[in-house]
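In: kindly return the folded structure for what I paste below:
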Amino acid sequence: MCGIAGIFGSDWSQTQLSAMVMSQQHRGPDCDGMYVDPTNIAGLGHNRLKIIDLSEAGRQPMSDRSGRYHITFNGEIYNYLELRQELQSVHEFRTRTDTEVLLAAYEKWGAACLDRMIGMFAFAIWDEREKSLFAARDRFGVKPFYYYETPDGTLLIASEIKALHIAGVPRRADESTWAGYLTTGLSDHPQRTFWKGIRALPAGHLLRWEVGQLRISRWYDLADRVGQELDPRPVEIVEEEYLALLKESVKLRFRADVAVGINLSGGLDSSTLLGLVHAAQGADSNVKAFTFCTGDPSYDELPWVSQMLDQTNHELIVCRLDALEVPALAESVQSFQDEPFGGVPTLAYARLFEHARREGVTVLLDGNGMDEQWAGYDYYANAKGNGASVVQGTKESPTRPDCLVPEFRALAGGTTQPRPFTDQLRNLQYRDALYTKLPRALRFNDRVSMRSSTELREPFLDHRLFELAFRQPADRKISNGTSKRLLRKMTGPLLPAGVVNSPKRALQTPQREWLRGPLREWASEQIEDALVVRGNWLNRDAVRSACQKYFDGHGDNSFFIWQWISTGLLKNHASLNSRGVTRAVAGIHG
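Out: Below is the predicted model:
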C-alpha cells in the first residue's frame, strides 16, 4: 500500500508534484520517486511502503523495458504469482513485485487486464509514446483515487485530497455534499467529495486522459455480474464452493514479505477470519491479533475475543483508548482524513494501527464486508421501501436538519441509489456495499491505517465471494430472525459456540457517554468553532439548544454532535497535513 500522485497537461511545475509526494509520505515512508515525461506534459509521483520484494527493484514509478509505459500503483494484486506465471513466456521479469506483473498485464491485455485481477488497487499508467493516461480503481473502491481538472484541461490525481490542495487546488467546500451530510448523514458518494471540484474515481471505474479529453467509464458492476437469477443449486454445493473461496481469499492475502496480523473484535466476521487463519496455519501460527477497548464493559468485546483466543492461542495485543486521549487524537486523525470521519470508533481503530506498527506488524487483515454479503444488519430482516437510515445505532433521527439554515439545507440532494435487483433485500445489500456502509468504512479505515504506515487488507471483499453470496436466496441469509444463517452454518466448526450464535453488534465505543461527560467541554469548544466558521450553515440558537439537551442527558444519539465536532475540527486543516508540509505553490486556480 502506497501513495500515488500525478499531473498531466501543459501548465504545471515539478515543484507541485514534489509537494504532492511529500504530503503523502505517511502512505509510503520507505522511499519515494518521480517520473517526468521528456516533453513535460506528464509527471508521476509515488510513496512506497515496502510489502512485496523489499529490494530497491520495487521502487516506483516503475517503467517497462522499452521505456514506453510508466506506472504509479497503490494496493496489492493478490494473484500476482499466478498472473506472473501466465505472462512469463512473453515478459522477462526483473523484480518479484506485483507492480511489474500489473504493468506487464496491461502491456499484454490492455484494459482487459482488470478482469483478471484479484486485489485492491488504484493505479495510473502513462504511455510516453501516445501521450495518454490510463488509470483504474478496484471493484469496491478499497484504494482511494482523487482527481481535479483545471479549466485549461490540466489533470491532477492523488491518493489523498490534501495532495491536491498542496499542489494549489483551491480548498472550497462543496456545499451540496456538506448539506447532504448534515441533513441525512450520508458522507460518501461515488464521485463527489466534500471539496468543490475534487472528484473521486468511482469504484470499479477507469479513467483515460489525453490532451483536451478526460473520459470516465465503468469496468465492473456487481449487479451486472450477479444478474437477477438466484442460485438454484443445492445448499451443500454452495457451502463447499464458498468455503473454498474463503480459504483461498485468506491465503492470498497472506502474501507478503513483512509481518501480517489480524484486527479482531468479538463478532462473527473477524472471528471467522481468525478461525480460517488458524485452520490454515495450525497451532504453530504466530499471527498476532489486535483488538481495541475503552475500559467500559458495556461496549468492550473482550469476553468474546477471549472465547476465540482460548480456542486458537494467538497472541493478543489489547489497544486501549481513554477519553482524555480523544482531543489530541481527533486533531491528528482529522488531518489525515481530509473529510469528516466516524467519531470515537474511528479513533479507537487508529489507536490499534499505532500499536500494530510498534509491534513490527506492517499488514493487518480485518473482517469487513460480511454484513453486506450475507445481510447482517438488523434492518435487512424487514426489507421494505428504500431501507433504514444510512446511520445505525440510534432509535431517534441521527441528524438535526432543523438546526441548519434553511437556504443551506435546501442544497442537500436526495439519497436515492440504484435498485438494480427485483428483490428489495439485494437492493439494500447493493446500496450498503457500494453507496453507504462499505464506502464510508473503507475511507475511514484507509486513512487511519495509512496514518500509521500500515497496510489494511480485506479478505472478505474478494469479488468472487460477493458475487456468490449475492446469488443466494433470502432464506439462506435470514431465517427465523437469524441473520447470516448460511455463513453461521459454514463457519460454525471454526468458532466457539458463543461466537457463532452471538447477535449482531455494531462496532461501538462509549462516545455518547464521553461527550456528555469528560469530553463535554472539548466538544462544546469544537462546536462553537463550527458556528464561527460555518455560521452561514448552522443556526446558532438551534445548535446550542440541541447541544444543551444532549449534554443534559436527553436522547440516545450522539451522531449529530459528532457531525458538528467534525465541522469544527476541519477548520484547522487547510492545505496542511500533520507532518507540517507547507503549501509549496500558488499554482492552480479555477
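In: which ones are touching Phe444?
Out: With Cβ atoms under 8 Å, 6 or more residues apart in numbering as the criterion, the residues that contact Phe444 are 337, 341-342, 346, 349. Every C-beta, even on glycine, is put in place using the N, C-alpha and C of the backbone.
In: one more pass at 10 Å, please.
Out: The neighbours of Phe444, taking Cβ atoms under 10 Å, 6 or more residues apart in numbering as the test, are 187-188, 333, 337, 339-343, 345-346, 349-350.
In: would you mind measuring from it to Ala350?
Out: The span separating Phe444 from Ala350 equals 9 Å under the rule Cβ to Cβ, to the nearest Å.
In: shaky segments in the stretch 401-550 of the chain?
Out: Across the stretch 401-550 of the chain, residues meeting the criterion (pLDDT under 70) sit at 497-498, 500-507.
In: switch to 90 and redo it
Out: Along the stretch 401-550 of the chain, the model assigns pLDDT under 90 to residues 413-416, 479-482, 491-509, 535.
In: before we move on, back to that, and the contacts of Phe444, which two are furthest apart?
Out: Greatest spatial distance among the contacts of Phe444 (Cβ to Cβ): Asp188 and Ala350, at 18.4 Å.
In: so what's the residue count around Val533?
Out: Val533 has 16 neighbouring residues, counting by other Cβ atoms under 10 Å.
In: with Gly360 instead?
Out: 10.
In: secondary structure class for it?
Out: Reducing the assignment to helix, strand or coil with DSSP: H, G, I helix; E, B strand; the rest coil, the entry for Gly360 is coil.
In: near the closest residue in space to it that isn't next to it in sequence, how many residues? Count them for me, please.
Out: The shortest distance from Gly360 to any residue other than its chain neighbours is 5.7 Å, reached at Ala259 (Cβ to Cβ, 6 or more residues apart in numbering). Close neighbours of Ala259, defined as other Cβ under 10 Å, add up to 15.
In: correct me, but Ala259 touches Leu365?
Out: No - Ala259 is not in contact with Leu365 according to Cβ atoms under 10 Å; the separation is 11.7 Å.
In: residues contacting the residue nearest to Gly360?
Out: By Cβ under 10 Å, 6+ apart, the contact list for Ala259 reads 286-288, 356, 359-364.
In: how near is the residue nearest the centre of the chain to Thr436?
Out: Note on the chain: the residue nearest the mean C-alpha position is Leu442, at 1.9 Å, using Cα atoms, centre = their mean. Going from Leu442 to Thr436 by Cβ to Cβ gives 11 Å.
In: quick one: common contacting residues for the two?
Out: Residues touching both Leu442 and Thr436 (Cβ under 10 Å, 6+ apart): Asp188.
In: and the strands in the stretch 201-350 of the chain?
Out: Along the stretch 201-350 of the chain, the segments classed as strands by DSSP state E, counting those that start in this stretch run 205-210, 213-218, 260-263, 289-293, 316-320.
In: got a pLDDT number for Gly385?
Out: Reading off the per-residue confidence, Gly385 sits at a pLDDT of 47.
In: so the residue nearest to Gly360 versus Phe353, what's the distance?
Out: When Cβ to Cβ is the yardstick, Ala259 and Phe353 sit 14 Å from each other.
In: before we move on, the earlier item: now mean pLDDT, mean neighbour count and distance to Ser66 too, for the strands of the stretch 201-350 of the chain, in JSON lines please.
Out: Supplementary listing: these in JSON lines, determined by pLDDT from 0 to 100; neighbours: other Cβ atoms under 10 Å; distance: least, Cβ to Cβ, whole Å:
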{"stretch": "strand 205-210", "mean pLDDT": "98", "mean neighbour count": "19", "distance to Ser66": "20"}
{"stretch": "strand 213-218", "mean pLDDT": "97", "mean neighbour count": "11", "distance to Ser66": "25"}
{"stretch": "strand 260-263", "mean pLDDT": "95", "mean neighbour count": "24", "distance to Ser66": "35"}
{"stretch": "strand 289-293", "mean pLDDT": "93", "mean neighbour count": "23", "distance to Ser66": "44"}
{"stretch": "strand 316-320", "mean pLDDT": "93", "mean neighbour count": "17", "distance to Ser66": "47"}
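In: distance to Val405 added to these, as TSV?
Out: Output for the strands of the stretch 201-350 of the chain, formatted as TSV (distance: least, Cβ to Cβ, whole Å):
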stretch	distance to Val405
strand 205-210	35
strand 213-218	34
strand 260-263	40
strand 289-293	38
strand 316-320	40
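In: how about the ones you listed, which one is nearest Ala57?
Out: Proximity of the strands of the stretch 201-350 of the chain to Ala57 was assessed by Cβ to Cβ; the nearest stretch is strand 260-263, lying at 21.8 Å.
In: centre of the chain to the closest one, how far?
Out: Between the centre of strand 260-263 and the centre of its host chain there is 17 Å, according to Cα atoms, centre = their mean, to the nearest Å.
In: go on, stretch 101-108?
Out: Stretch 101-108 sits 25 Å away from the centroid of its parent chain (Cα atoms, centre = their mean).
In: for it, output the C-alpha coordinates as CSV.
Out: What follows is stretch 101-108 as a C-alpha-only set of coordinates in CSV (Å, rounded to 0.1, in the frame of the first residue of the first chain):
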residue,chain,number,x,y,z
VAL,A,101,3.1,-8.0,-13.0
LEU,A,102,0.4,-5.4,-13.3
LEU,A,103,2.4,-3.4,-15.8
ALA,A,104,3.1,-6.5,-17.9
ALA,A,105,-0.5,-7.5,-17.8
TYR,A,106,-1.5,-4.1,-19.1
GLU,A,107,1.0,-4.3,-21.9
LYS,A,108,-0.4,-7.7,-23.0
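In: pull out the buried positions in it.
Out: For stretch 101-108, burial by neighbour count (16 or more other Cβ atoms under 10 Å) applies to 101-107.
In: same check on stretch 140-152?
Out: The neighbour-count check on stretch 140-152 (16+ other Cβ under 10 Å) flags 140-150 as buried.
In: between Ala259 and Leu365, which contacts overlap?
Out: Residues touching both Ala259 and Leu365 (Cβ under 10 Å, 6+ apart): Val287.
In: run through the residues that contact Leu486.
Out: If you count contacts by Cβ under 10 Å, 6+ apart, Leu486 has them with 235, 238-239, 242, 374, 469, 472-473, 475-479.
In: ok, of the residues you listed, which come out buried?
Out: Under a neighbour-count criterion of 16+ other Cβ under 10 Å, the subset of those counted as buried comprises 238, 242, 374, 469, 472, 476-478.
In: now for those residues, which pair is the farthest apart?
Out: Using Cβ to Cβ for every pair in the buried ones among the contacts of Leu486, the one that comes out farthest apart is Tyr242 and Ile478, at 16.6 Å.
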